[in-house]
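Enquirer: any chance you can model this:
(4 chains)
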Number of protein chains: 2
Amino acid sequence: MAETTAKRDQILDVAEGMMRTVGFNGFSTRDVAAAVGIKAASVHYHFPTKADIGVAVTERYTHRFLQDLGEPTALAGDTEKVIRLYSTVFRRALIRDGKLCLCAVLGAEIGGLPTDVGFNTRIFFEKNIAWLATALASRLGDKRAKAFAIHILASLEGAMIVSKALRDDALFESVAKTLVEVTSRR
Amino acid sequence: MAETTAKRDQILDVAEGMMRTVGFNGFSTRDVAAAVGIKAASVHYHFPTKADIGVAVTERYTHRFLQDLGEPTALAGDTEKVIRLYSTVFRRALIRDGKLCLCAVLGAEIGGLPTDVGFNTRIFFEKNIAWLATALASRLGDKRAKAFAIHILASLEGAMIVSKALRDDALFESVAKTLVEVTSRR
DNA sequence: AGTTATCTACCTATCGTTAGGTAGATTGCT
DNA sequence: AGCAATCTACCTAACGATAGGTAGATAACT
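Expert: Presented below is the predicted three-dimensional model:
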């Protein structure tokens, strides 16, 4: 049962990678199949439709992302620490994987996604705003925490896109740094 | 000569709209054709390949965008005014058109674009960073101006995506407002 | 033997693109 | 001014390739 799901996970890994570089409409199930070393028909054994792959990828991504973040209350509302932690999780995606945040890509093409995949994209954003708002609330207050939460999320998602497009990691770092400076000194 | 180019422009208008909602790989030349009331083959009379449409759309978009911004030196380095003007141009795209910035979408799926279209996407970002940096330089100094420029561009691009995905214009406004607060009070 | 995972082989729909043609406007030549 | 040549802007029809997806045989593991 441990090794049985290997191919299924491989499919998700490959599909996630492709979604994060070319978008949901930029690859085919055959591309995924070729990358994991099986035939296209076999992909459909694990996931009946391409949309199902999208749903599974987004669910797993959101779950992992929040797991990486940990408990929002663990940082005692320290704005700088929150931004540093949050930036680190994004940085891993961009610099280690060389890929954008899945939901930055999906959010950009949201009008062209299967309904369920679009829905999961929204869930990701909602959960992340909630996480950030909770993490910041104890010192900033609910209203200001919410505004900062959206700002942090938006800046880093945008920074990833610009940074990746211009192939310059320093741009992402610049945004992360400015974010700390500008929100801590208040 | 005035009416002759109507269809060509219509094609660009429709294609831009589609690129900004479903991404470059989310629509077909037939979709464009149907929307302008001609056949797919006739689209290729005006633009040999789909990539050519992408190139023309990105060129026109970048040109218009910079034209809307005007001269960067006209704002005398006033950070608040720069952000307000810049936000307004983005707001028009999001709230009036109900669509994302073209290059936010293209930047997100840059790995899946024809080379020339990806190239033009980069040009857009470069020119916008340059515009913002120039607009801010006289009061902030070159280094800080560059950092702020990237931050403003990234935040607003990201804000559009999150705002559109969650169908809540207030999120964009919140980022624009926070941006002013956080960068003016320095 | 039964389940799980994969295969071959195929289907239908659509993709971007091309070929070949046509009606009507424009141009160049006499 | 008349007429042939050319151009513009579209058309129908079809191309080969690829999309997502399905049915049924086959292999592998327990």
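Enquirer: quick one: name the residues of chain A near DNA strand D.
Expert: By the rule C-beta under 7 Å from any atom of the strand, the part of chain A lying against DNA strand D is A:27-31, A:40-41, A:44, A:48-51. (Each C-beta comes from the backbone N, C-alpha and C, glycine too.)
Enquirer: what ranges do the strands span in chain A?
Expert: Applying DSSP state E to chain A gives no strands.
Enquirer: where in it is pLDDT low?
Expert: A:1-5, A:185-186 (pLDDT under 70).
Enquirer: ok, longest helix in chain A?
Expert: In chain A, with assignment by DSSP state H, the single longest helix is helix A:115-140.
Enquirer: could you give me the buried positions within that one?
Expert: A:117-118, A:120-122, A:124-125, A:128-129, A:131-137, A:140 (16 or more other C-beta atoms under 10 Å in any protein chain shown).
Enquirer: so which of the residues you listed reach chain B?
Expert: A:118, A:121-122, A:125, A:129 (C-beta under 8 Å from any C-beta of the partner chain).
Enquirer: what residue lies at the spatial centre of chain A?
Expert: A:Cys101 (3.7 Å; C-alpha atoms, centre = their mean).
Enquirer: check contacts around it.
Expert: A:20, A:90, A:93-94, A:156-157, A:160 (C-beta atoms under 8 Å, 6 or more residues apart in numbering or on different chains).
Enquirer: am I right that A:Ala154 is in contact with B:Val175?
Expert: Yes. Between A:Ala154 and B:Val175 there is a contact under C-beta atoms under 8 Å: 4.9 Å.
Enquirer: shared neighbours, the two?
Expert: B:155-156, B:158-159.
Enquirer: and A:Asp78, how many neighbours?
Expert: Neighbour count of A:Asp78, defined by other C-beta atoms under 10 Å in any protein chain shown: 15.
Enquirer: which residue packs closest to it, ignoring adjacent ones?
Expert: A:Arg139 (7.3 Å; C-beta to C-beta, 6 or more residues apart in numbering or on different chains).
Enquirer: pull up the gap between the one you found and A:Val82, please.
Expert: 10 Å (C-beta to C-beta, to the nearest Å).
Enquirer: in contact with A:Leu69, which residues?
Expert: Here A:Leu69 is in contact with A:85-86, A:89, A:131 (criterion: C-beta under 8 Å, 6+ apart).
Enquirer: still on that earlier bit, what packs against the longest helix of chain A?
Expert: On a contact count with 3 or more C-beta pairs under 8 Å, 6 or more residues apart in numbering or on different chains; DSSP states H and E, helix A:115-140 meets helix A:50-69, helix A:79-91, helix A:102-108, helix A:142-165, helix B:142-165.
Enquirer: touching, the residue nearest to A:Asp78 and A:Gly77? I think so.
Expert: Yes. Between A:Arg139 and A:Gly77 a contact is recorded at 3.6 Å, counting by C-beta under 8 Å.
Enquirer: that older thread, Throw the contacts of A:Leu69 into a markdown table and include distance to B:Ser184, thanks.
Expert: As requested, the contacts of A:Leu69 are exported to a markdown table (distance: C-beta to C-beta, whole Å):
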| residue | distance to B:Ser184 |
| --- | --- |
| A:Leu85 | 27 |
| A:Tyr86 | 24 |
| A:Val89 | 29 |
| A:Trp131 | 28 |
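Enquirer: just among the residues you listed, which is most surrounded?
Expert: A:Tyr86 (23 neighbours).
Enquirer: which ones are touching it?
Expert: A:69, A:132, A:152, A:156.
Enquirer: how close does the first one get to DNA strand C?
Expert: It refers to A:Leu69. 31 Å (C-beta to the nearest atom of the strand, to the nearest Å).
Enquirer: A:Ile83 contacts A:Glu181, doesn't it?
Expert: No. Judged on C-beta under 8 Å, A:Ile83 makes no contact with A:Glu181 at a distance of 9.9 Å.
Enquirer: what sits against A:Leu156?
Expert: A:86-87, A:90, A:101, A:172, A:175-176, A:179, B:154, B:158.
Enquirer: dump the residues you listed into TSV; add distance to A:His63 as well.
Expert: Shown next, in TSV, are the contacts of A:Leu156 (distance: C-beta to C-beta, whole Å):
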residue	distance to A:His63
A:Tyr86	17
A:Ser87	20
A:Phe90	17
A:Cys101	14
A:Phe172	24
A:Val175	26
A:Ala176	24
A:Leu179	25
B:Ala154	26
B:Gly158	22
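Enquirer: between those, which is nearest DNA strand C?
Expert: Proximity of these to DNA strand C (C-beta to the nearest atom of the strand) peaks at A:Cys101, which lies at 26.3 Å.
Enquirer: tell me the phi and psi of the closest one?
Expert: phi -60, psi 130 (degrees, to the nearest 10).
Enquirer: any idea how far B:Ser87 is from it?
Expert: Applying C-beta to C-beta to A:Cys101 and B:Ser87 gives a distance of 23 Å.
Enquirer: quick check: residues of chain A near DNA strand C?
Expert: So chain A meets DNA strand C at A:4-5, A:7, A:33, A:37-42, A:45-46 (C-beta under 7 Å from any atom of the strand).
Enquirer: let's go with 6 Å and repeat that
Expert: Within chain A, the positions near DNA strand C by C-beta under 6 Å from any atom of the strand are A:4, A:7, A:38-39, A:41-42, A:45.
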